[in-house]
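# from the sequence below, what's the structure:
(chains A, B and C)
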Amino acid sequence: MILSVKTREKTELIDITSDINQLIKKSGVDQGLCMLYVPHTTAAVTINESADPSVKSDILMVLNQIVPWEANYRHLEGNSPAHVKSSLMGPSELITIENRRLVLGTWQGIFFCEFDGPRTRKVHVRISDEHFV
Amino acid sequence: MILSVKTREKTELIDITSDINQLIKKSGVDQGLCMLYVPHTTAAVTINESADPSVKSDILMVLNQIVPWEANYRHLEGNSPAHVKSSLMGPSELITIENRRLVLGTWQGIFFCEFDGPRTRKVHVRISDEHFV
Amino acid sequence: MILSVKTREKTELIDITSDINQLIKKSGVDQGLCMLYVPHTTAAVTINESADPSVKSDILMVLNQIVPWEANYRHLEGNSPAHVKSSLMGPSELITIENRRLVLGTWQGIFFCEFDGPRTRKVHVRISDEHFV
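You can find the predicted model right below:
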């Protein structure tokens, strides 16, 4: 299944937890594994606190400090910082499913990371009924 | 299965390799897949050299330099640096199992990353007998 | 299966996408999952743009800025920066397989990350016919 995500800012973290949970419900899989995969090179996915929205702006602020907007970049499209952030956060997450829901910690949510927006993006959502011992 | 990890420092890397190997032995799975998942937003898991304990202090030192303790953070709990480090390291690792043991490189060990301790933490240990071609 | 990668520089990103696709073809798996695992502690694997080779040099440039070559490192082998970069990028990637090929985004390629070369390195390539709903 594919989740479409519409971003509105240049850099932005968007909570997609409830979208993923809805897709899991729809799949009918009670117990198993959910793999999220972002097929873009200037975006990513991460897991972090969803209760206080300040956390996502703090993550973005530090990433924007770590990876300078201006530097001696060779890539001529001007979005090298987005490519670097994409590799730092990574393109995928793996989460188990129990009772037709993601097994997340109390404060955890799943965030789509836009680093070169605004754009319409995709997340591949793969659901398996793989059993664990 | 759940592994409980007691941390003692504010930021700390703790080698949990032998704990995971014991849980695999207990599971009876000879060959398969082990997924580790940290359900916290100020902690993480990483794989790195376990032979020389200096490596883990060097990793912590650089992370503490990259992510400043004091900045214009919005999140009022004061632990934003821990949230950022958590996303940089990531909440999960996937390792194959052969002969009832993790398949790690010669120098590799698995480290629980505490970024806002000391606390009692959890690692979800999921073991599957998934076969690979 | 094991993919051998010969690196030529101290730090280097090497596109291994077509090597992995060849191993998948050889495995005969039409649809499933591919797990890549780097059993080294001064190397890693990442997914990013493969069209313009400048992207990989920009990623390396920023990583070399973030993780200083000289610092108060305790690890006496002198390769602490490589260990830190290895944890920042991570040792594994998980990609689905369809029609005997990796399911990657248009611009995505898979890169072996050498951070302490030149050396002859290994990537564990695990292929499963796991089905997804």
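
# low-confidence stretches in chain A?
Applying pLDDT under 70 to chain A flags residues A:133.

# taking it, what residue is nearest to chain B?
A:Gly105 (3.0 Å; C-beta to the nearest C-beta). Any C-beta I mention is one placed from the backbone N, CA and C, and that applies to glycine too.

# tell me who's in contact with that residue.
Residues in contact with A:Gly105 (C-beta atoms under 8 Å, 6 or more residues apart in numbering or on different chains) are B:Val38, B:Pro39, B:His40, B:Thr41.

# tell me the secondary structure at it.
Per DSSP: H, G, I helix; E, B strand; the rest coil, the local secondary structure of A:Gly105 is coil.

# next one: it from C:Lys85, what distance?
Distance, A:Gly105 to C:Lys85, using C-beta to C-beta, to the nearest Å: 27 Å.

# equivalent analysis for A:Val29, please.
From A:Val29 to C:Lys85 the distance is 37 Å (C-beta to C-beta).

# who has more neighbours out of those two?
Set side by side, A:Val29 and C:Lys85 show more neighbours around C:Lys85, with 23 against 19, by other C-beta atoms under 10 Å in any protein chain shown.

# near chain B, which residues of chain A are found?
By C-beta under 8 Å from any C-beta of the partner chain, the residues of chain A that approach chain B are A:33, A:46-49, A:52, A:54-55, A:57-59, A:61-63, A:65-66, A:88-90, A:93-96, A:103-108, A:130-133.

# now restrict the residues you listed to buried residues only.
A:33, A:46-49, A:52, A:54-55, A:57-59, A:61-63, A:66, A:88-90, A:93-96, A:103-105, A:107-108, A:130, A:132 (16 or more other C-beta atoms under 10 Å in any protein chain shown).

# so of those residues, which ones are in strands?
The strands, defined by DSSP state E, take in A:Leu33, A:Thr46, A:Ile47, A:Asn48, A:Glu49, A:Glu93, A:Leu94, A:Ile95, A:Thr96, A:Gln108 from these.

# do you know how far the second one is from C:Asn21?
From A:Thr46 across to C:Asn21, the span is 28 Å (C-beta to C-beta).

# burial measure for the residue of chain A found nearest chain C, as a count.
Nearest to chain C, among the residues of chain A, is A:Pro39, at 2.9 Å (C-beta to the nearest C-beta). Neighbourhood size, A:Pro39 [other C-beta under 10 Å]: 19.

# tell me which helix or strand it sits in.
Using DSSP states H and E, A:Pro39 is not contained in any helix or strand.

# pull the contacting residues for it.
So A:Pro39 contacts A:Pro91, A:Lys122, A:His124, C:Val103, C:Leu104, C:Gly105, C:Thr106, C:Gln108 (C-beta under 8 Å, 6+ apart).

# what about the first one, how many residues close to it?
The reference is to A:Pro91. 27.

# from what I see, it and A:Val38 are in contact.
Yes. The pair A:Pro91 / A:Val38 is scored as a contact, 4.7 Å apart, by C-beta atoms under 8 Å.

# which residues do these two both contact?
Joint contacts of A:Pro91 and A:Val38 (C-beta under 8 Å, 6+ apart) are A:Ala44, A:Val45.

# what residues are up against A:Phe111?
A:Leu13, A:Ile14, A:Asp15, A:Ile16, A:Val45, A:Thr46, A:Ile47, A:Asn48, A:Ser50, A:Lys56.

# spatially nearest residue to it (excluding sequence neighbours)?
A:Leu13 (4.3 Å; C-beta to C-beta, 6 or more residues apart in numbering or on different chains).

# contacts for whatever helix or strand the one you found lives in next, please.
A:Leu13 belongs to strand A:12-15 when assigned by DSSP H and E. Contact with strand A:12-15 is made by A:5, A:7, A:46, A:48, A:50, A:56-57, A:59-60, A:109-114, A:117-118, as judged by C-beta under 8 Å, 6+ apart.
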